[in-house]
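> sequence and predicted structure are below.
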Amino acid sequence: MRHVFPHKSPIALAISTVLLGAASFATPFVQAQDSLIEEVVVTARKREESLQNVPVAVTALSPSQIEQSGIQSVIDVAKLVPNVELHAVTQSGASLGASIRGMAFDDLEKSYEPTVGVSVDGVFMASNSGAVVDFFDIEGVEVLRGPQGTLYGRNTIAGVINIKRTKPTGEFGLKLEGTFADHDRQDLKGVLNMPLGEKGGVKINWRDLEMDSHLYNETTKQRPYNRDSDVWSAAVRYDFTDNFTATLTYDDYEHMTQPPDVVATGTGDAVFCAFFSLGCNADSGALSKDSGYTKSYASEQIYSYLWGDNLTLNAEYTGSNFTVKYIYGEMDFEEEAFFNSWGAPTPLFEVLREQEYEQTSHELQYISNWDGNINVVGGLYYLETDSYITSGPKTSSPAGMFTTTQDAEATAVFGEVIWDVSENWTLTAGARWTEEEKKLDNRVFGSNEARRAGSPIANQLTPEYNDNNVTYRFVLQRELSFGMVYGSYATGYRAGGFNARGNNKPTVGPYDPEEVGSWELGLRSQPTDRLQLNLTGFVADYTDKQQFIVTDGSQCDQSNTATCTFIRNAAETTNQGIEVEGVWMPTDRLTIRGTYGYLDAEFDSYDFDGTDISDRAQVIYAPENTFSLMADHTSSVLGGTLIVSGTFSYRSDVWGAAAYETYNYETGPVINIDSHDQLDLSATWLRDVAQGQFKLMVYGTDVLEGDGRVARAYDAGAFSWSELVPGRQIGVTVGYEF
């Protein structure tokens, strides 16, 4: 792997000058003994630590921040975190398209690996399906930026999103909420806590969410439903001894989602648009844009269903100077998705995708709390996944009619040592060894009827893939009178594997892992008891990047007039930038939080079948600027507490996916997604009533924009589309808890 050093970048030079200057200027401020800013505890390094002491770029969001800033799902987290872009992938059940620092994953196959890791209660989700998590009963969210390969492992080259839910309290308690908003949104939620003897507790929560689409379909003359989700879970916590506790959680979910209609954006060179004599964009995308993206023209509704259950076990033993944790996770779900018109007013290409997925993971951690100047984190990890997909249109072409199963295993050993070299200097070193194995069974059929019947098979492939990888991280940290400064170098990798959509040996693969090496310089400071300011600069070398490559048929045993689609390790990028996060409390009742991210992500090379297209290709979902400013004020009103909050956020324009080797910037479909600014407001009134607390919240998201907007754009060559999200949403939440 080629290493990139900070002297290559003027951004890195500027950051290093500032931070090294801060390190040498040891006592410019005197920090107050008692900070008015509440201390935030995170588990970014698998141990509980103050956010300001952790040499990792991490943003922590509390339940109050989540609620008051209008965050309803993991997608909305992006507006409060610098250099993060999140969106839904319509064609798969609750699938997350995620990009941090310009390292993006925007697809849906289970054989492809994500770039951003998502974990819930410590269980890593190996697939992006189901990762669009709706927020309720949340204890907190942590977003780690930059490669986290040492402690979190494979497929975290961009970062990690840690979601933590509340634990059973062991006391009687009830929380009920109802949210009612635009487009007939009805969101009913409840949490019931009960004691389990004197040493445990039981928690049951449930949610029923229904909502219509924000788009009126001019072709079918109706406004279809959008969300119909039923979720419930039960958690049991028991303290077997004073030192040993365990929590077992079961989740059951059913998401019957009909995403808002996509809009067709294909131009004259799009095969399907020309074949059906449609001006796809003129008949769909352009008309929808003229309506402010409040109307659609699709002939048939997309649906994307997901249903299943999860099981999670968290067990923890605390010794005199150490903690041992065991985390078990099991996921088992099914998906069904249907598409036909792809936004056009006439059917274009019918696809029915049926999938099954199972995941089992075990993680054992040892976290020391020794009295000396050395502490460690170490552990073992094992993951097993099984996936199945059958997909295909009603057509005679075998390229789209396939059934693929994949069995995969990954085993890892990891450790990190934290050494307090002196009173002011700390050195951290860690590494992780991972071994993985994948087995694929890919079957291509001659007709849709044969696929549905399971025979005859036109072609069958059973390749295997084996790999092992070592990732590591080194950190040098210096304490200052007003905070600390650190420099680090970390690596990570995204696993290689197979192209489940391939139809012969060359196109199925396998392909190799992609790797990232990232330098990072950070300052964590609290100059006064009312001000906190954190600054991070980074330069990442992204090598062996997995890219889709399309060639003529001669490269995959087809005729010259056919095409072949490969995934090849064909590109390299340099991603560099700055991240600023601050908290200011000008008064005891007013808190202001701000973030800013600058990102420069460009291709250094992109070998597309022997031609370097790095000068024309775009790094997808890599906004140059991200910004947020959140203010909340607390006062006493009508015998209760009133919290008024406002959040303004901004994201630069981003590029969606396209075949950049042939994409025409003048005549091609529009895949550049406009910049977006958003104002969210909320007012929450809390009042103590008999044996509990009453809550009334009025909120508005994107209050200045009545129109919808494009959130994802995709050019598949033969046709292309854009996916839409609504603008202004006004709602009210009523709740009671004791």
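Arrived safely.
> name all residues that make contact with the closest residue in space to Glu572 that isn't next to it in sequence.
Using C-beta to C-beta, 6 or more residues apart in numbering and skipping residues adjacent in sequence, the residue nearest Glu572 is Asp604, 4.5 Å away. Where C-beta positions appear, they are placed from N, C-alpha and C, glycine not excepted. Counting by C-beta atoms under 8 Å, 6 or more residues apart in numbering, Asp604 makes contact with 572-574, 614.
> now, which of those residues lie within helices?
Using DSSP state H to define helices, no part of the contacts of Asp604 is located there.
> so which pair among those residues is furthest apart in space?
Spanning the widest gap among the contacts of Asp604 are Thr574 and Ser614, at 10.9 Å by C-beta to C-beta.
> shared neighbours, these two?
Each of 602, 604 lies in contact with both Thr574 and Ser614 under the rule C-beta under 8 Å, 6+ apart.
> nearest residue to the middle of the chain?
By C-alpha atoms, centre = their mean, the chain has its centre lying nearest to Ala98, at 4.3 Å.
> quick check, that one in a strand?
Yes - checked against DSSP: H, G, I helix; E, B strand; the rest coil, Ala98 lies within a strand.
> bridged to it, which residues?
Leu86, Phe105 (DSSP bridges).
> next up, the contacts around it.
Here Ala98 is in contact with 85-86, 104-105, 114-116, 118, 128, 131, 158, 161 (criterion: C-beta under 8 Å, 6+ apart).
> likewise Asn162?
Here Asn162 is in contact with 43-44, 119, 122, 141-144 (criterion: C-beta under 8 Å, 6+ apart).
> from these, which is closest to Ala410?
Ser119 (14.9 Å).
> what's the closest non-adjacent residue to the closest one?
Ser119's closest residue in space is Asn162 (C-beta to C-beta, 6+ apart), at 5.3 Å.
> Ser720 too?
Using C-beta to C-beta, 6+ apart, the nearest residue to Ser720 is Pro669, at 4.1 Å.
> residues near the one you found, how many?
Using other C-beta atoms under 10 Å, the number of residues around Pro669 comes to 27.
> next one: Glu38
Glu38 is flanked by 10 other residues according to other C-beta under 10 Å.
> let's have the chain start at 97 instead
Yes, from this point I'll number from 97; that puts the last item at Glu134.
> got a list of what it touches?
With C-beta under 8 Å, 6+ apart, Glu134 has no contacts at all.
> same check, this time on the one 10 residues further on
Listed by C-beta under 8 Å, 6+ apart, the contact partners of Glu144 are 137-138.
> A strand includes the residue nearest to Glu668, no?
Yes - counting by three-state DSSP, Asp700 is found in a strand.
> for it, give its distance to Ser710.
6 Å (C-beta to C-beta, to the nearest Å).
> let me know the secondary structure of Ile162.
Under three-state DSSP, the three-state class of Ile162 is helix.
> separation between it and Glu135?
Remark: distance between Ile162 and Glu135 (C-beta to C-beta) = 18 Å.
> hmm, back to that, which helix or which strand is home to the residue nearest to Ser215?
With secondary structure defined by DSSP states H and E, Asn258 is part of strand 255-261.
> list the strands paired with that strand, with their directions.
Using DSSP bridges, the strands paired with strand 255-261 in its sheet are strand 212-216 (parallel), strand 234-241 (antiparallel).
> go ahead and confirm Glu610 touches Ala636.
No - counting by C-beta atoms under 8 Å, Glu610 stays clear of Ala636, with 11.9 Å between them.
> touching both of those two, which residues are there?
Shared contacts of Glu610 and Ala636 (C-beta under 8 Å, 6+ apart): none.
> residues near Arg808, how many?
By the measure other C-beta under 10 Å, the count of residues near Arg808 is 23.
> now do the same contact list for it.
Going by C-beta under 8 Å, 6+ apart, Arg808 touches 183-186, 193, 202, 752, 769, 818-819.
> and those, which of them are in strands?
Those of the contacts of Arg808 mapping onto strands are 183-185, 193, 769, 818-819, per DSSP state E.
> beta partners for Phe429?
Gly404, Tyr453.
> distance of it from His279?
Taken as C-beta to C-beta, the span from Phe429 to His279 is 27 Å.
> so these two - more neighbours on which side?
Counted by other C-beta under 10 Å, Phe429 and His279 do not tie: Phe429 has more neighbours, with 22 against 17.
> hmm, that one is touching Ala227, no?
No - Phe429 lies out of contact with Ala227 (C-beta under 8 Å); the separation is 11.6 Å.
> doesn't Lys385 belong to a helix?
Yes - using three-state DSSP, the secondary structure at Lys385 is a helix.
> quick one: residues contacting it.
Lys385 neighbours (C-beta under 8 Å, 6+ apart): Val359.
> try 10 Å this time
Lys385 is in contact with 359, 361, 377, 391, 766, 803-806, 818, 820, counting by C-beta atoms under 10 Å, 6 or more residues apart in numbering.
> please list only the buried members of those residues.
For the contacts of Lys385, a burial check counting by 16 or more other C-beta atoms under 10 Å picks out 359, 361, 377, 391, 766, 804-806, 818, 820.
> hang on, the earlier thing: in CSV: the contacts of Ala194, plus neighbour count and distance to Leu147.
Conversion of these to CSV gives the following (neighbours: other C-beta atoms under 10 Å; distance: C-beta to C-beta, whole Å):
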residue, neighbour count, distance to Leu147
Glu181, 27, 23
Leu182, 24, 21
Ala200, 23, 26
Phe201, 24, 27
Pro210, 26, 25
Thr211, 26, 24
Val212, 29, 20
Val214, 23, 20
Asn224, 27, 27
Ala227, 25, 24
Ala254, 31, 20
Ile257, 26, 16
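> can I get these in JSON lines including distance to Ala504?
Output for the contacts of Ala194, formatted as JSON lines (distance: C-beta to C-beta, whole Å):
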{"residue": "Glu181", "distance to Ala504": "27"}
{"residue": "Leu182", "distance to Ala504": "25"}
{"residue": "Ala200", "distance to Ala504": "22"}
{"residue": "Phe201", "distance to Ala504": "17"}
{"residue": "Pro210", "distance to Ala504": "14"}
{"residue": "Thr211", "distance to Ala504": "17"}
{"residue": "Val212", "distance to Ala504": "19"}
{"residue": "Val214", "distance to Ala504": "18"}
{"residue": "Asn224", "distance to Ala504": "15"}
{"residue": "Ala227", "distance to Ala504": "17"}
{"residue": "Ala254", "distance to Ala504": "20"}
{"residue": "Ile257", "distance to Ala504": "22"}
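> which among those gets closest to Val571?
Ala254 (18.9 Å).
> can you say which of the strands paired with strand 255-261 is packed in most?
Stretch with highest mean neighbour count among these: strand 212-216 (a mean of 24; mean count of other C-beta atoms under 10 Å).
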